[in-house]
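Peer 1: predicted model and sequence follow; I will ask about them next.
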Amino acid sequence: MFKLHLPENKLKMVKNKRDLKSPRRNRSFTGGRPRSRQSLSGRSGPVANIRVVIRVRPFNDRESCSNHKNIIRVADEHTLIFDPKEDDEPFFYHGVQQRNRDIMKRGNKNLNFTFDRVFGDATNNGDIFESSTKTLIDTLMKGYNCSVFVYGATGAGKTHTMLGCHEDPGITFLTMMELFKQKDELIAERDFEVGMTYLEVYNETVQDLLNPGPALSLREDNKYGVIVAGIKMQRIEQSHTLFELLEQGNRNRTQHPTDANAESSRSHAVFQVYLKMKFKTTSEVRVAKLSMIDLAGSERGAATGYSGARFTEGANINKSLLALGNCINSLADGHRHVPYRDSKLTRLLKDSLGGNCQTIMIANISPSSHNYEDTYNTLKYAMRAKKIKSSMKKNVVNCESNLNHYIQLVDQLTKENGELKLKLSLSGKVCNCKDTIVSEDEIKM
Ligand SMILES: Nc1ncnc2c1ncn2[C@@H]1O[C@H](COP(=O)(O)OP(=O)(O)OP(=O)(O)O)[C@@H](O)[C@H]1O
């Protein structure tokens, strides 16, 4: 199982001192006031915080049948209480009140966590989309890069959020529908070119999910950032092509059953859509990229008892998630050096985490006491991510300046030509032929 290695002193910093003295009160992990929803939509400032959304999944059948308790209480749309304090019901044995009747008794940490948005277990993917990724499309159309990544322990609901099912399509599908809707609305003013790639990082190798073949390598480019060498960009003319390719990629993704999830994704999947927008009346060209990343779930390596390929798989997942945690910590603390190079995943996410991007992290959690540690770790991880700021730049290739340059050049040459003609006519040698090359000697006065 991965853990967020949060130094004790950092933990203390965010705890309310007064609450520490008074254990009965709720302790808060607020990390500042919740930002309003407005902070995401249409933001065009140079600096933006990662927006962190929490999604609590419902109890599954196994958890409902067992003696597990609910350790999450959603207080409002920004706040949840982890391991809420329960009023002790008196329990008597032979007429004597007993203490610690409950062998599953939890710590009653009673911690308040505040996020940009908290969704309870009755939420569907449409609700998540409406309050999170829908607003990204507007940002994308303005020429900013955007990223969404889903995070959480194995079986916490990441793939359900991303891909969903027939009755409840995931946010990838809903976000792409919105992209094509807005594209159609803007078609009168812009020409669009759309492309997509879909890859997975499995056991520290990068694979093209749309054209399976040999492992691909990553390269750094000064202008474009990290580039996947050899990946094939698929041009998209119509939305249904994109959805067919998405399905195709999903079928190629590495999945194996785990104890927590019969269809566990054992790789990190990175789906990217590229937009080029050419304005019809001006010479402005905007380019933007939307990345949607479904991370593999962490697991308790030792507890699984796996060996061989499954063990290596789990170890690689945990290694890359640990590297991601280290990058999140460095960025949250404002360190100059961020260890992106520690894993393929973090190299790929460099732009999404601390670069030129508007980013949303959707952290998925289980409400069951069975996943107590995983849920607690995910919440701490998400709190750290909230502090990360990324600087956003509009990707605008404005041809206007080039055009002005050429107009000036033509004006200057026309003027020079006129002066030369004047000089020639004064010397009685008027050159009236377009193709005649007049030698320097001829025009010397
Ligand atoms: N919000 C939800 N509503 C209904 N069912 C859900 C929800 N979230 C998850 N599930 C169900 O729980 C199970 C595990 O979910 P999912 O596969 O999305 O987990 P995961 O986080 O992607 O796990 P892994 O990391 O192992 O791939 C699935 O059967 C899924 O349908």
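Peer 2: Right, received. Where do you want to start?
Peer 1: when you work out contacts or count neighbours from here on, use the C-alpha atoms and nothing else.
Peer 2: Fine.
Peer 1: may I have the distance across stretch 116-136, first residue to last?
Peer 2: Criterion C-alpha to C-alpha, to the nearest Å; first-to-last residue distance in stretch 116-136 is 15 Å.
Peer 1: for the chain, which residue is closest to the average position?
Peer 2: The centroid of the chain falls nearest to residue 148 when counting by C-alpha atoms, centre = their mean (2.6 Å).
Peer 1: following the helix or strand hosting that residue, which helix or strand comes up?
Peer 2: Residue 148 belongs to strand 146-152 when assigned by DSSP states H and E. Using DSSP H and E, the helix or strand that follows strand 146-152 in sequence is helix 158-162.
Peer 1: check whether that next one contacts the ligand.
Peer 2: Yes - judged by C-alpha under 6 Å from any ligand atom, helix 158-162 and the ligand are in contact via 158, 159, 160.
Peer 1: could you report the pLDDT at the first one?
Peer 2: Taken from the predicted model, the pLDDT recorded for residue 158 is 94.
Peer 1: the spatially closest residue to residue 51 that is not a sequence neighbour: what secondary structure?
Peer 2: Excluding the flanking residues, the one nearest residue 51 by C-alpha to C-alpha, 6 or more residues apart in numbering is residue 360, at 4.7 Å. Taking DSSP: H, G, I helix; E, B strand; the rest coil as the rule, one finds residue 360 in the strand state.
Peer 1: what ranges do the strands span in the stretch 251-400 of the chain?
Peer 2: Taking DSSP state E, counting those that start in this stretch as the criterion, the stretch 251-400 of the chain carries its strands at 255-256, 264-265, 268-279, 284-294, 358-365, 389-391, 396-398.
Peer 1: err, the stretch 101-250 of the chain, not the other one
Peer 2: Using DSSP E, counting those that start in this stretch, the strands of the stretch 101-250 of the chain run over residues 111-114, 117-119, 146-152, 190-202, 205-208, 217-221, 225-229, 234-236.
Peer 1: from the chain's centroid, how far away is the fourth one?
Peer 2: In terms of C-alpha atoms, centre = their mean, to the nearest Å, the centre of strand 190-202 is set 15 Å apart from its chain centre.
Peer 1: can you check the fifth one too?
Peer 2: In this view, strand 205-208 has its centroid 19 Å away from the chain centroid, taken as C-alpha atoms, centre = their mean.
Peer 1: for it, name the packing helices and strands.
Peer 2: On a contact count with 3 or more C-alpha pairs under 8 Å, 6 or more residues apart in numbering; DSSP states H and E, strand 205-208 meets strand 190-202.
Peer 1: keeping just the C-alphas, turn the strand it packs on into CSV.
Peer 2: Taking Å, rounded to 0.1, in the frame of the first residue of the first chain, the C-alpha atoms of strand 190-202 are listed here in CSV:
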residue,chain,number,x,y,z
ARG,A,190,-13.2,29.0,-36.1
ASP,A,191,-11.9,26.1,-38.1
PHE,A,192,-11.1,23.1,-35.8
GLU,A,193,-8.6,20.3,-36.0
VAL,A,194,-9.0,17.6,-33.4
GLY,A,195,-6.5,14.8,-32.6
MET,A,196,-6.2,12.3,-29.9
THR,A,197,-3.8,9.8,-28.3
TYR,A,198,-4.4,7.1,-25.7
LEU,A,199,-1.6,5.4,-23.9
GLU,A,200,-1.0,3.5,-20.7
VAL,A,201,2.0,3.3,-18.3
TYR,A,202,2.3,-0.3,-17.3
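Peer 1: what lies in contact with that strand?
Peer 2: Residues outside strand 190-202 that contact it (C-alpha atoms under 8 Å, 6 or more residues apart in numbering) are 183, 206-210, 231-237, 242, 246, 249, 253-254, 266-280, 313, 316, 344-345.
Peer 1: now those residues: which count as buried?
Peer 2: 183, 206-210, 231, 233-234, 236, 242, 246, 249, 253-254, 266-279, 313, 316, 344-345 (16 or more other C-alpha atoms under 10 Å).
Peer 1: got the strands of the stretch 251-400 of the chain as JSON lines, with distance to the ligand and mean pLDDT columns?
Peer 2: What follows is those, written out as JSON lines (distance: least, C-alpha to the nearest ligand atom, whole Å; pLDDT from 0 to 100):
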{"stretch": "strand 255-256", "distance to the ligand": "8", "mean pLDDT": "67"}
{"stretch": "strand 264-265", "distance to the ligand": "3", "mean pLDDT": "76"}
{"stretch": "strand 268-279", "distance to the ligand": "9", "mean pLDDT": "94"}
{"stretch": "strand 284-294", "distance to the ligand": "8", "mean pLDDT": "92"}
{"stretch": "strand 358-365", "distance to the ligand": "7", "mean pLDDT": "94"}
{"stretch": "strand 389-391", "distance to the ligand": "26", "mean pLDDT": "75"}
{"stretch": "strand 396-398", "distance to the ligand": "36", "mean pLDDT": "68"}
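Peer 1: ok, residue 422 - how many residues close by?
Peer 2: Around residue 422 there are 14 other residues, counting by other C-alpha atoms under 10 Å.
Peer 1: so it: helix, strand or coil?
Peer 2: Three-state assignment for residue 422 (three-state DSSP): helix.
Peer 1: tell me the pLDDT at it?
Peer 2: 86.
Peer 1: can I assume residue 356 is in contact with residue 393?
Peer 2: Yes - counting by C-alpha atoms under 8 Å, residue 356 does reach residue 393; the two are 5.8 Å apart.
Peer 1: quick check: neighbours shared by the two?
Peer 2: residue 144.
Peer 1: more crowded one of these two?
Peer 2: More crowded of residue 356 and residue 393, by other C-alpha under 10 Å: residue 356, with 23 against 17.
Peer 1: within range of the ligand, give me the residues from this structure.
Peer 2: With C-alpha under 6 Å from any ligand atom as the criterion, the chain meets the ligand at residues 57-58, 152-160, 261, 263-265, 296-297.
Peer 1: rewinding a little: mean neighbour count, the strands of the stretch 101-250 of the chain: which tops it?
Peer 2: Scoring the strands of the stretch 101-250 of the chain by mean neighbour count under mean count of other C-alpha atoms under 10 Å gives strand 146-152 as the most buried, with a mean of 25.
Peer 1: alpha carbons of that strand, as PDB, please.
Peer 2: Only the C-alpha atoms of strand 146-152 are listed here, as PDB (Å, rounded to 0.1, in the frame of the first residue of the first chain):
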ATOM      1  CA  CYS A 146      -6.400  21.300 -19.000                       C
ATOM      2  CA  SER A 147      -5.900  18.100 -17.100                       C
ATOM      3  CA  VAL A 148      -8.100  15.800 -15.000                       C
ATOM      4  CA  PHE A 149      -6.800  13.000 -13.000                       C
ATOM      5  CA  VAL A 150      -8.600  10.500 -10.800                       C
ATOM      6  CA  TYR A 151      -6.800   9.200  -7.800                       C
ATOM      7  CA  GLY A 152      -7.600   6.600  -5.100                       C
END
